[in-house]
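A.B. asks: Starting from these lines, generate the structure:
(2 chains)
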Amino acid sequence: MDRSEKIGLGVAVVGHVLLFGALSLGFLGAPELPKKIEQQPIDVSLVPDVALEATAPQSVETPAESVAPDEGAPEDAAPPAPEEAEPEPKPDPVPPAPQPKPAPPKPVPKPQPAPEPKPQPKPKPAPPKPVAKTAPVPKPVVKPQPKAEKAPPAKAAPAKSAPTKAAAKPSATPAKASSSASSAKPAKPSSTKGSGSTAEAKTSRPHGSRLGDNFLKGLSADPSPSKSEAPKAAKLGAQAAANIGSAILRQVQPCANRQVTPGPGAERIRVTINLKLNRDGTLKSRPTISGHAGVDDDNRRYVDRVDDLAIATFVGCSPLRGLPDDLYDVQNGWSNFSLRYKLPG
Amino acid sequence: MNPVLTMDSATLSPIHLFLQADWVVKGVMIGLLLASIWTWALIVAFWRRIGKTRKGMTRFERDFWKAEDIDVFYKAEGENDLPSARVFAAGVTEWRRSTAGGTIDKSGTRERLATTMGAAVAGEIDKLSDRLNVLATVGSVAPFVGLFGTVWGIMRSFTSIAAAQNTSLAVVAPGIAEALFATAIGLFAAIPAVIAYNRFSHGINRIEASLNRFADGFHTTLSRQLDGSR
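C.D. replies: Presented below is the predicted three-dimensional model:
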């Protein structure tokens, strides 16, 4: 390193130190920035249940029959299964003693069914069958035993309804055949024949005439339900909830405009208010505040006041009109509705 | 490492930017700063050396062509440090050696003279252009080094975004500013280096050309002397 390089090094070091010193002192600093950039809050309303579920149930249409209804002997169409034909007699003895024995079912779990024949038969769900009336007589004592293990739990409720149903219903069809086929033949002799006619039951086979699959395609014996009928919504969808929320806010706007803002920054507080409404739009109870948002150091002390003002706003304009009646008591409906509210301004 | 860096106008000063930076970026910044200092030292040194050399050569050649007697001139200027003086001294030395004996091989002497002076020119140019390659290196590499620091710093500030779960400008800005500061220093070092390299290589080429011209002229003079002497 010769002399000129030493001089150059000295000059360069001094120059850099001077330059960075000047920069550090702000000589060439950034242009003046505003001390604090005012950040305007943006209201973002979060819809909690987006795409929760379909707002309308799917309408199901009965498919057309591919097998023509049987015009033959009514017995053939809906044969009771051979296995079921025998058990039927068992329930018969039950009907007379359903009410008196709600308690007995508990002791039942015991393995020995023999001593107590009466209590056990009740549990059986079968009683509603019409056969009960016609053939109560058959072995009441003997058969119940097998049932005892089957259905020990107390079936008080079904047991009670059982006798009435049995009386009302003449149709004796436990058949597994298609419901339309069974409904086509209300008048069944099988009820009278009851359990005894095992021979006929065994011949059970649908005797429908086999035609091509496209025979009578699109037609069914039953009138198909109209599609134009608007089914009741199962749940309140997000879109509908937003519509109801804005409808409510629109109606309380006059009351909201009358409120006096308690202080600067209070309009940034967003309260979540919960309304319990009657079907006619009146408040079932005083609205409650379930949450706050947008609270910061500036407006913390106004929170209580804002709560009061929000409640007063909704109470003041309380009979809410024009809310869709069909969305009142569905799940998430407006019978119990939460929405966000903030003071105007 | 605090991901949320406070931001005010003071943090834009180079010292704060340096202090906030990651250690990799700090290393890049220090290296580039040293490169910049060394670049400027070389710039100043070359400037002085080339200017002095060119001025001295102009004066030397003027004096040379005015001189009546080469031997007298050699006594006066033979010890000079100028490149042209060295070439002159090399030529005179070779001339004296070649003509010292009884018989003179004219063509051999001419060849030797040319070779000697050519070698002297090349040596002087080498000496002059020493460290010019440093300028070339700094000029081409410093931007990339700065860019490396920037990329690293931006990666780091993205990491702090992820850590803070916050994309607001206040989180990102300091990290990006300090990262870009690395590129700024890289350019700060590279731009003068590139300009100086081009300028000084041009100056050295001119010195080389004028040295060659002087050597050729001196060779011509000696060659004529060789013919006239016999």
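A.B. asks: mind checking the longest helix of chain B?
C.D. replies: Assignment by DSSP state H gives helix B:169-228 as the longest helix of chain B.
A.B. asks: Which elements pack onto that helix?
C.D. replies: helix B:14-20, helix B:23-66, helix B:83-100, helix B:106-128, helix B:132-164 (3 or more CB pairs under 8 Å, 6 or more residues apart in numbering or on different chains; DSSP states H and E). For the C-beta atoms, the positions are set from N, CA and C on the backbone; glycine is no exception.
A.B. asks: what mean pLDDT would you report for it?
C.D. replies: Averaged across helix B:169-228, the pLDDT comes to 88.
A.B. asks: Identify the residues contacting stretch A:244-251?
C.D. replies: Outside stretch A:244-251, the residues that touch it by CB atoms under 8 Å, 6 or more residues apart in numbering or on different chains are A:236, A:275, A:317, A:320-324, A:327, A:334, A:337, A:339, A:341.
A.B. asks: Please spell out which residues along that stretch are buried.
C.D. replies: Neighbour-count burial for stretch A:244-251, counted by 16 or more other CB atoms under 10 Å in any protein chain shown, picks out A:244-245, A:248, A:251.
A.B. asks: Please narrow those to those residing in helices.
C.D. replies: A:244-245, A:248, A:251.
A.B. asks: would a markdown table of those with pLDDT be doable?
C.D. replies: Below are those laid out as a markdown table (pLDDT from 0 to 100):
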| residue | pLDDT |
| --- | --- |
| A:244 | 83 |
| A:245 | 83 |
| A:248 | 85 |
| A:251 | 85 |
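A.B. asks: of the residues you listed, closest to chain B?
C.D. replies: Nearest to chain B out of these is residue A:245 (CB to the nearest CB; 29.0 Å).
A.B. asks: check contacts around the residue positioned nearest the centre of chain B.
C.D. replies: Here the mean C-alpha position of chain B is nearest to the C-alpha of residue B:132 (CA atoms, centre = their mean), at a distance of 2.5 Å. Residue B:132 is in contact with B:42, B:46, B:197, B:200-201, B:204, counting by CB under 8 Å, 6+ apart.
A.B. asks: Read off the pLDDT value for it.
C.D. replies: 90.
A.B. asks: got it, and the one 10 residues further on?
C.D. replies: Looking at residue B:142, its pLDDT stands at 93.
A.B. asks: likewise residue A:180?
C.D. replies: So residue A:180 comes in at 44 (pLDDT).
A.B. asks: Same question for the one 10 residues further on.
C.D. replies: Looking at residue A:190, its pLDDT stands at 43.
A.B. asks: From residue A:296, how far out is the residue in chain B sticking out farthest from the centre?
C.D. replies: Farthest-out residue of chain B from its mean C-alpha position, per CA atoms, centre = their mean: residue B:165, at 49.8 Å. Distance from residue B:165 to residue A:296, counting by CB to CB, to the nearest Å: 19 Å.
A.B. asks: next one: residue B:88
C.D. replies: Distance from residue B:88 to residue A:296, by CB to CB: 85 Å.
A.B. asks: now do residue A:320
C.D. replies: 32 Å.
A.B. asks: Neighbour count: those two, which is higher?
C.D. replies: Between residue A:320 and residue A:296, counting by other CB atoms under 10 Å in any protein chain shown, residue A:320 is the more crowded of the two (22 against 10).
A.B. asks: per-residue pLDDT, residue B:112?
C.D. replies: pLDDT at residue B:112 comes out at 90.
A.B. asks: In contact with it, which residues?
C.D. replies: B:94, B:98.
A.B. asks: what does residue B:31 give?
C.D. replies: Contacts of residue B:31 (CB under 8 Å, 6+ apart): residue B:145.
A.B. asks: Need the pLDDT of it.
C.D. replies: Note on residue B:31: pLDDT of 92.
A.B. asks: Then residue B:101?
C.D. replies: The model's pLDDT for residue B:101 equals 76.
A.B. asks: Surely residue B:120 touches residue B:82?
C.D. replies: No - contact criterion CB atoms under 8 Å: residue B:120 and residue B:82 do not qualify, at 11.7 Å.
A.B. asks: Would you mind listing what in chain B touches chain A?
C.D. replies: Within chain B, the positions adjacent to chain A are B:9-10, B:12-16, B:33, B:36-49, B:52, B:131 by CB under 8 Å from any CB of the partner chain.
A.B. asks: I'd like to know how far residue A:285 sits from residue B:200.
C.D. replies: 90 Å.
A.B. asks: Looking at those two, which has the bigger crowd around it?
C.D. replies: residue B:200 (23 against 10).
A.B. asks: now the more buried one: how far from residue A:338?
C.D. replies: According to CB to CB, residue B:200 and residue A:338 sit 77 Å apart.
A.B. asks: got it, and residue B:209?
C.D. replies: 90 Å.
A.B. asks: between those two, who's got more neighbours?
C.D. replies: Using other CB under 10 Å, the more surrounded residue of residue B:209 and residue A:338 is residue A:338, with 17 against 11.
A.B. asks: secondary structure element for that one?
C.D. replies: strand A:336-342 (DSSP states H and E).
A.B. asks: Kindly export that strand (C-alpha atoms) in PDB.
C.D. replies: Presented in PDB, the C-alpha positions along strand A:336-342 are these (Å, rounded to 0.1, in the frame of the first residue of the first chain):
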ATOM      1  CA  ASN A 336     -84.300 -15.900  19.500                       C
ATOM      2  CA  PHE A 337     -82.300 -13.700  17.300                       C
ATOM      3  CA  SER A 338     -78.800 -12.200  17.800                       C
ATOM      4  CA  LEU A 339     -77.500  -9.400  15.800                       C
ATOM      5  CA  ARG A 340     -74.700  -6.800  16.000                       C
ATOM      6  CA  TYR A 341     -75.600  -3.200  16.600                       C
ATOM      7  CA  LYS A 342     -73.600  -0.100  16.900                       C
END
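A.B. asks: Return the closest of the contacts of residue B:132 with respect to chain A.
C.D. replies: Nearest to chain A among the contacts of residue B:132, with distances taken as CB to the nearest CB, is residue B:42, at 6.3 Å.
A.B. asks: surely that closest one meets residue B:134?
C.D. replies: Yes - between residue B:42 and residue B:134 there is a contact under CB under 8 Å: 5.9 Å.
A.B. asks: quick one, which of the two is more surrounded?
C.D. replies: residue B:42 (27 against 16).
A.B. asks: quick one: the more buried one and residue B:189, what's the gap?
C.D. replies: From residue B:42 to residue B:189 the distance is 12 Å (CB to CB).
A.B. asks: And for residue B:84?
C.D. replies: From residue B:84 to residue B:189 the distance is 34 Å (CB to CB).
A.B. asks: about what we covered before: between the longest helix of chain B and helix B:23-66, what angle do the directions make?
C.D. replies: 20 degrees (axes from the mean of the first three to the mean of the last three CA atoms, to 10 degrees).
A.B. asks: and the angle from helix B:169-228 to helix B:83-100?
C.D. replies: Using the same axes, to 10 degrees, helix B:169-228 lies at 30 degrees relative to helix B:83-100.
A.B. asks: How far does helix B:169-228 sit from its chain's centre?
C.D. replies: Chain-centre distance of helix B:169-228: 5 Å, with CA atoms, centre = their mean, to the nearest Å.
A.B. asks: cool, and stretch B:52-69?
C.D. replies: Centre-to-centre, stretch B:52-69 and its host chain are 25 Å apart (CA atoms, centre = their mean).
A.B. asks: got the buried residues for it?
C.D. replies: B:53-54, B:56-57, B:60-61, B:64.
A.B. asks: Just give me the closest of those to chain A.
C.D. replies: For the buried residues of stretch B:52-69, the nearest to chain A is residue B:53 (10.3 Å; CB to the nearest CB).
A.B. asks: Next up, the contacts around the closest one.
C.D. replies: Residue B:53 is in contact with B:82-83, B:128, B:207, counting by CB under 8 Å, 6+ apart.
A.B. asks: What of residue B:140?
C.D. replies: The contact partners of residue B:140, taken as CB under 8 Å, 6+ apart, are B:190, B:194.
A.B. asks: Does stretch A:284-296 reach chain B?
C.D. replies: No - using CB under 8 Å from any CB, stretch A:284-296 stays clear of chain B, coming no nearer than 15.3 Å.
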